[in-house]
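> Please find the sequence and the predicted model below.
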Amino acid sequence: MAAALVASGRHEQTTRQVSDAEEVLADPDVEAVIVAGDLVVRPAQLRRALQSERHVLCVYPPDQTPDIAYEADLIRQDTGRVLMPLLPGSTHPAVRRLAEFIRISGKDKDAASPVGAFRLLEMERVAPRPADGKPTFPGWDLLRALGGEIAEVSGFAAGEHPEAEEPILASGRFERGGLFHVTFLPDHSDAQGRLAVIGDRGRAELVFPAGWQGPAFLNWRDESGELREEAWDAWDPWPALVERFDAAVADKTHTWLDAVRGAELDDAVRRSIERRRTSVLEYQEASEATGFKGTMTLVGCGLIWAILLLVVLSFWFPKIGWLVVPLLVVFLVMQFLRFLIPRRSKEM
């Protein structure tokens, strides 16, 4: 990615690879930081890079849980800098071509698709998982690029916890319609990837025999039943990611959402496997107002429990009962601020 930034001709700085983040951040000439450390140290590196108020590109995933993704988004909002995950899969021209086959019944009436109205999206890919730690599942950016936001997901594994050497299945529903089914295979020599769009009149299948950045082949049957095929050579995604980064810098667009959604969906699949139930996704944008409301809710609950405890203790120590009134006043004031302060910040 660093070499692609320089090769674009729009970034005159040279690139450096270092293991100590402070060595880079101490240089005032550094324009952008690429966070690509091991997963163990990546959250701390990402946090420190964002606090330096520079543009940041981060290898995906940023962490095994969504917490650092939310925190990074809040810091991004404060600094106004670009924060972009390095997700090359959705930039492949074959994936964009496959997206043209997806037509939602009743919504894309004027657009014809050889496979008809969209019903199901299938994906099969290798997902190497560490022997310890929480597993992550790559490819959510591909699913969202094709089918849109995911409304609910169910995960299936042989046991209550996903093992590194076992396959994982994930199925669910898109918000705008249509289902999906994903097979995450353990790491092995066959790195083939596959995407298939199934409609009410047929299917279109996209195959990557040598991996997601290798050659791609798209097959489908037209209305006469004749087999059609399109092919693409091996794909270098980095120039496309540079274009996306430059556009985000110029237009100040939000590019971190793919990382947030991916972390949320990873967490939803893990919960579904452990609890043996479907996880419903309730998306809420990470913002200062949202964080403030959440904090006020937690503090308010604590005050209510404190008031109840004081009421009980006042039966044995009557003077303690006088503390209930000021605590109740504090609770009411905080609930008032919970609505007032975010509203003022939005008006500003």
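Sure thing, it's come through.

> For burial, what's the neighbour tally of residue 97?
Using other C-beta atoms under 10 Å, residue 97 is surrounded by 15 other residues. From N, CA and C alone the C-beta is placed, and that goes for glycine too.

> Distance of it relative to residue 38?
Distance of residue 97 to residue 38, computed by C-beta to C-beta, to the nearest Å: 35 Å.

> Contact partners for the nearest residue to residue 32 once chain neighbours are set aside?
Closest residue to residue 32 apart from its sequence neighbours, by C-beta to C-beta, 6 or more residues apart in numbering: residue 55 at 4.1 Å. By C-beta atoms under 8 Å, 6 or more residues apart in numbering, the residues touching residue 55 are 31-33, 81-83, 245, 249.

> Repeat the analysis, applying 7 Å as the threshold.
Contact analysis of residue 55 by C-beta atoms under 7 Å, 6 or more residues apart in numbering lists 31-32, 81-82, 249.

> Give me the buried subset of the residues you listed.
For these, a neighbour count by 16 or more other C-beta atoms under 10 Å gives the buried set as 32, 81-82, 249.

> Which member of the residues you listed is positioned nearest residue 324?
When the buried ones among the contacts of residue 55 are ranked by distance to residue 324 (C-beta to C-beta), residue 81 comes first, at 47.2 Å.

> Quick check: phi and psi at the closest residue to the closest one other than its chain neighbours.
Closest residue in space to residue 81, ignoring its immediate chain neighbours: residue 55 at 5.2 Å, by C-beta to C-beta, 6+ apart. For residue 55, the backbone dihedrals (degrees, to the nearest 10) come out as phi -70, psi 140.

> Kindly report the domain assignment for this structure.
2-86, 90-237+256-280, 288-347 (automatic domain parsing).

> Lowest mean pLDDT across those domains, which one is that?
Per-segment mean pLDDT for these reaches its minimum on domain 288-347, at a mean of 72.

> and residue 307, how many neighbours?
Residue 307 has 17 nearby residues by other C-beta under 10 Å.

> Now do the contacts for it.
324, 327-328 are the contacts of residue 307 under C-beta under 7 Å, 6+ apart.

> The protein: helices as residue ranges?
2-7, 21-25, 42-51, 67-79, 93-99, 140-147, 238-251, 257-275, 288-313, 324-347 (DSSP state H).

> Dump these to JSON lines, plus distance to residue 60.
Output for the helices of the chain, formatted as JSON lines (distance: least, C-beta to C-beta, whole Å):
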{"stretch": "helix 2-7", "distance to residue 60": "16"}
{"stretch": "helix 21-25", "distance to residue 60": "18"}
{"stretch": "helix 42-51", "distance to residue 60": "10"}
{"stretch": "helix 67-79", "distance to residue 60": "10"}
{"stretch": "helix 93-99", "distance to residue 60": "16"}
{"stretch": "helix 140-147", "distance to residue 60": "8"}
{"stretch": "helix 238-251", "distance to residue 60": "11"}
{"stretch": "helix 257-275", "distance to residue 60": "6"}
{"stretch": "helix 288-313", "distance to residue 60": "23"}
{"stretch": "helix 324-347", "distance to residue 60": "30"}
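
> Residue 163 is nearest to which of these?
Nearest of the helices of the chain to residue 163, taken as C-beta to C-beta: helix 257-275 at 10.6 Å.

> give me every residue that touches the residue nearest to residue 330 when sequence neighbours are not counted.
What sits nearest to residue 330 in space, not counting adjacent residues and going by C-beta to C-beta, 6+ apart, is residue 303, at 6.4 Å. If a contact means C-beta under 7 Å, 6+ apart, then residue 303 has 327, 330-331 as its contacts.

> Would you mind measuring from the nearest residue to residue 84 once chain neighbours are set aside to residue 42?
Taking C-beta to C-beta, 6+ apart as the measure, residue 84 lies nearest to residue 255, with 4.2 Å between them; neighbours along the chain are not counted. Per C-beta to C-beta, residue 255 is found 18 Å from residue 42.

> Distance check, the residue nearest to residue 32 against residue 22.
Residue 55 is 18 Å from residue 22, where distance means C-beta to C-beta.

> Residue 59 and residue 72: what is the separation?
13 Å.

> How about residue 54?
On the measure of C-beta to C-beta, residue 54 and residue 72 end up 13 Å apart.

> Which of those two has more residues huddled nearby?
residue 72 (26 against 16).

> buried sites along stretch 172-185?
Per 16+ other C-beta under 10 Å, stretch 172-185 contains these buried residues: 172-174, 177-178, 180, 182-185.

> Inside strands: which ones of the residues you listed?
Here DSSP state E is the test, and the buried residues of stretch 172-185 give 172-174, 180, 182-185 as lying in strands.

> in this structure, which strand has the most residues?
What stands out as the longest strand in the chain, according to DSSP E, is strand 118-126.

> Okay, now the sheet partners of it, with direction.
Strand 118-126 pairs in its sheet with strand 179-185 (parallel), strand 193-199 (antiparallel), by DSSP bridges.

> Next, the angle helix 140-147 makes with it.
For strand 118-126 against helix 140-147, the angle by axes from the mean of the first three to the mean of the last three C-alpha atoms, to 10 degrees is 160 degrees.

> Now do the buried residues in strand 118-126.
In strand 118-126, counting by 16+ other C-beta under 10 Å, buried: 118-119, 121-126.

> do stretch 308-327 as well
Buried residues in stretch 308-327, counting neighbours by 16+ other C-beta under 10 Å, are found at 310, 324.

> Convert that stretch to CSV, retaining C-alpha atoms only.
Extracted as CSV, the C-alpha positions of stretch 308-327 are listed here (Å, rounded to 0.1, in the frame of the first residue of the first chain):
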residue,chain,number,x,y,z
LEU,A,308,-33.0,2.0,46.6
LEU,A,309,-30.1,1.0,48.9
LEU,A,310,-30.5,4.2,51.0
VAL,A,311,-34.2,3.7,51.3
VAL,A,312,-33.6,0.2,52.7
LEU,A,313,-30.9,1.4,55.1
SER,A,314,-33.1,4.3,56.3
PHE,A,315,-35.3,1.8,58.2
TRP,A,316,-32.4,1.2,60.6
PHE,A,317,-30.7,4.6,60.2
PRO,A,318,-33.4,7.3,59.6
LYS,A,319,-30.9,10.1,59.0
ILE,A,320,-29.6,8.4,55.9
GLY,A,321,-33.0,8.9,54.3
TRP,A,322,-32.2,12.6,53.8
LEU,A,323,-29.6,11.6,51.2
VAL,A,324,-32.3,10.2,48.9
VAL,A,325,-33.6,13.7,48.0
PRO,A,326,-30.3,15.2,46.7
LEU,A,327,-29.5,11.9,44.8
